[in-house]
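**Q** Generate a structure from the sequence data that follows.
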Amino acid sequence: PPPDEQIIEEQRPANIVLVSIDGLRSDRIGLGSAAQKTTPNLDVLAQTGASFVFSFSQANASLLSHASMLTGLYASEIHRPSYLEYIVPDQTLTLSEVLDALGYDTGGFVGGGTMSGTLGFQQGFDVYLQSKDHFGGLKETSTMAIDWLDALEANENPFFVFLHGYDCQQPFLPSGSFEHTSSTVVPPLDGLLHTPQFTARVYDGVMYPGFEPESAAHTVGLTVSLPSNVVQLGTYASDKTNQADATRMGESDLQHVMEHYDSSVLAADTHIGEFLDALTQRGLLDNTLIVITSGHGAELLEHGAYDHRSNLYDTSTRVPLILAGGALPEALRGRAVDNIAQTIDITPTILDMAGTVAPAGSRGRSLLALDQDDQGEEVQVVFQEGVLGQIAARTRNWRLVFAGADLTSPSFNEALRNMPIDGGQFQLFDLQNDPNETLDVLHSHKQVATALRERMLAWREALMTGTTRMDIDPKLREELRQRGYW
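**A** Okay, the predicted model is just below:
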């Protein structure tokens, strides 16, 4: 091409693809040294791009976690953290709104459920489509994304694709040929796996057919299962009168459920690989940044249930985070980055790639700043919020959990400050010696717990609150944008 065209091509902003595989925990992929070879495509991305070894989500449920991921704020800064009321309000500035203002074509393709556009996630997207299924997967959403890219007019606009699927979320039922990829024998239990709410009725390896999980209506009209179901299931299981119809699952049964999960991971990986192949065939991958992550992990009976919303342990909140693609800076390629990373870093990272800064007040940082020679200032503590009102502070070696007050209460910080550290509302886990977080060691490490409580309190006191965020007029917002306020 003529020199002028070469200059235009060189200066064109990078395309950006953000992929969220809900339910994917980092230790079940090759990057996490999983024995199961279920992620060949993600493994290649990790090897050729930047993979973050210590990466965490800010919440343990899709709704709150993605709200944080797509704004760079903590969930309780965006809206009052009540699960059946939670939305992303119009006045919250989102990643897609910033990219749209920068001239990006923006498309969101999600699995529905609690990623529905009616919850506010559609803001800033030219197109926001969701699966026909209530909790759809990447096979459908990636096809919609490619169709949208093919329909874009031939112009010089960069694009932003947000691709999401519930492939790895319970009940772990991958479709078609993926269903039994690692099983040679299909046990009788397999039929039960296909019954409604099967995984929601298993506690400590015992299936309780008489337990009825509850659902409720969200304020926008969606029906959602209640996060408290796991707590109720534990209570149900402890009642001896409910043992008569209970069935203890054998080791082969438990292994078969795990195989279903791993098959779900393989399905998600395959569909991502197909999507990336489609980008390559269209000549789009060379100028694209690919970000791979998850809104949360998955409990696989480590703490009693098949779940993710009842706790903030690593099983529920330690997620993959991979940066890859032709637009990734050379200094970050082929690196396993040891720095702590968080999904709240994704918005600043993407906006850095787009050539701008994150909106004022954003809590994360750009991961592109971690160049080859200087890995930047180390994040010392990851802060997390749970949909049952817990909060957690996670360092490299410790996790402190506080569950002693209602997260929506104005007196939450007072309770956090004043409750006795050894009064039963706090738990401390030593990740070096207890990676599964099964043993509370607070009584033998009160000094560690007290220091982490101080960090936790400072974090909470510095937060804006979702109930008091100013409603900015759209014209004023645009004026502020033009004046460089974000």
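**Q** you'd agree V382 is up against T343?
**A** No: in this structure, V382 is not within contact of T343 by Cβ atoms under 8 Å, at 9.8 Å. The way it works is simple: take the backbone N, C-alpha and C, and place the C-beta from them, glycine included.
**Q** okay, and the common contacts of the two?
**A** Common contacts of V382 and T343 (Cβ atoms under 8 Å, 6 or more residues apart in numbering): 56, 58.
**Q** Look at those two and report which has more neighbours.
**A** T343 (28 against 24; other Cβ atoms under 10 Å).
**Q** roughly how far apart are the more buried one and E385?
**A** To E385, T343 is 12 Å away according to Cβ to Cβ, to the nearest Å.
**Q** Please identify every residue contacting each of those two.
**A** Q58.
**Q** List the contacts of H445.
**A** 428, 430.
**Q** and if you look at I272?
**A** 19, 21, 41-42, 138, 142, 292.
**Q** and it, backbone torsions?
**A** phi -70, psi -40 (degrees, to the nearest 10).
**Q** Distance check, it against D150.
**A** For I272, the distance to D150 equals 18 Å [Cβ to Cβ].
**Q** Quick check, S62 in contact with G113.
**A** Yes: in this structure, S62 is within contact of G113 by Cβ under 8 Å, at 6.9 Å.
**Q** Need the overlap of contacts for these two.
**A** What both S62 and G113 touch, as defined by Cβ under 8 Å, 6+ apart, is the set Y166.
**Q** Which of these two has more residues huddled nearby?
**A** Applying other Cβ under 10 Å to S62 and G113 shows that S62 carries more neighbours, namely 29 against 22.
**Q** contacting residues for that one?
**A** 22, 113-115, 166, 295-296.
**Q** Next step: those restricted to helices.
**A** Among the contacts of S62, no member is found in helices (DSSP state H).
**Q** now, which of those residues sits nearest E330?
**A** Of all these, G295 has the smallest distance to E330: 29.8 Å, by Cβ to Cβ.
**Q** List the contacts of the residue lying closest to the closest one once chain neighbours are set aside.
**A** Spatial nearest neighbour of G295, excluding adjacent residues (Cβ to Cβ, 6 or more residues apart in numbering): S65 at 3.9 Å. Applying Cβ under 8 Å, 6+ apart to S65 gives the contacts 57-59, 75, 295-296, 343.
**Q** Now with 7 Å, please.
**A** S65 sits next to 57-59, 295-296, 343 when contact means Cβ atoms under 7 Å, 6 or more residues apart in numbering.
**Q** Y203 now?
**A** 233-234, 237, 304-305.
**Q** Which element, helix or strand, includes L388?
**A** Using DSSP states H and E, no element contains L388; it sits outside every helix and strand.
**Q** Distance-wise, check it relative to D406.
**A** Here L388 is placed at a distance of 10 Å from D406 (Cβ to Cβ).
**Q** These two: which is more packed in?
**A** Neighbour count, other Cβ under 10 Å: between L388 and D406, L388 has more, with 18 against 12.
**Q** quick one, what contacts the residue nearest to that one when sequence neighbours are not counted?
**A** In space, and not counting its chain neighbours, L388 is closest to P227: 5.4 Å by Cβ to Cβ, 6+ apart. Going by Cβ under 7 Å, 6+ apart, P227 touches 61, 83, 309-310, 387-388.
**Q** sorry, back to before: give me the secondary structure label for the residue nearest to G295.
**A** When classified by DSSP: H, G, I helix; E, B strand; the rest coil, S65 comes out as helix.
**Q** okay, now E156: neighbour count?
**A** Here the count is done by other Cβ under 10 Å, and E156 has 10 residues near it.
**Q** Look at the residue nearest to L388 and give its secondary structure.
**A** Secondary structure for P227, judged by three-state DSSP, is coil.
**Q** Also Q255?
**A** Following three-state DSSP, the label given to Q255 is helix.
**Q** Identify the residues contacting it.
**A** Per Cβ under 7 Å, 6+ apart, neighbours of Q255: none.
**Q** mind checking pLDDT for it?
**A** Looking at Q255, its pLDDT is 87.
**Q** which regions of the stretch 1-150 of the chain sit below the pLDDT cut-off?
**A** Where the stretch 1-150 of the chain drops to pLDDT under 70, the residues are 1-11, 31-36.
**Q** go on, the stretch 201-350 of the chain?
**A** For the stretch 201-350 of the chain, no range has pLDDT under 70.
**Q** And the average pLDDT for stretch 439-446 is what?
**A** On average, stretch 439-446 scores 98.
**Q** Revised request: answer the last question for stretch 452-471.
**A** On average, the pLDDT along stretch 452-471 is 78.
**Q** Any idea how far it is from the middle of the chain?
**A** The chain centroid and the centroid of stretch 452-471 are separated by 21 Å under Cα atoms, centre = their mean, to the nearest Å.
**Q** How about residues contacting that stretch?
**A** The set of residues external to stretch 452-471 that reach it, using Cβ under 7 Å, 6+ apart, is 74, 76-80, 91, 361, 381, 383, 391, 393, 398, 400, 402, 413, 416-417, 421, 426.
**Q** Which of these fall in helices?
**A** 76-78, 413, 416-417.
**Q** Just the buried subset of these, please.
**A** The neighbour-count test (16 or more other Cβ atoms under 10 Å) marks 76-78, 416 as buried among the ones in helices among the contacts of stretch 452-471.
**Q** which of those residues lies closest to Q122?
**A** I78 (15.1 Å).
**Q** what's the spacing between the closest one and Y86?
**A** 8 Å.
**Q** Run through the strands of the stretch 301-450 of the chain in chain order.
**A** Taking DSSP state E, counting those that start in this stretch to define them, one finds strands in the stretch 301-450 of the chain at 306-307, 321-324, 335-342, 382-385, 391-394, 398-402, 426-430.
**Q** Which one of these lies nearest to F125?
**A** strand 321-324 (22.0 Å).
**Q** tell me the phi and psi of G23?
**A** Residue torsions, per degrees, to the nearest 10, at G23 are phi 90, psi 0.
**Q** That one: neighbouring residues, count only.
**A** Around G23 there are 26 other residues, counting by other Cβ under 10 Å.
**Q** Next one: it relative to A244, how far apart?
**A** For G23 relative to A244 (Cβ to Cβ), the value is 33 Å.
**Q** Please apply the same query to T438.
**A** 29 Å.
**Q** Tell me which of these two has more neighbours.
**A** Comparing T438 with A244 by other Cβ under 10 Å, the one with more neighbours is T438, at 10 against 7.
**Q** Might you report the residue contacts of that one?
**A** If you count contacts by Cβ under 7 Å, 6+ apart, T438 has none.
**Q** So it versus M456, what's the distance?
**A** 22 Å.
**Q** Is M144 in a helix, a strand, or coil?
**A** Assignment for M144 (three-state DSSP): helix.
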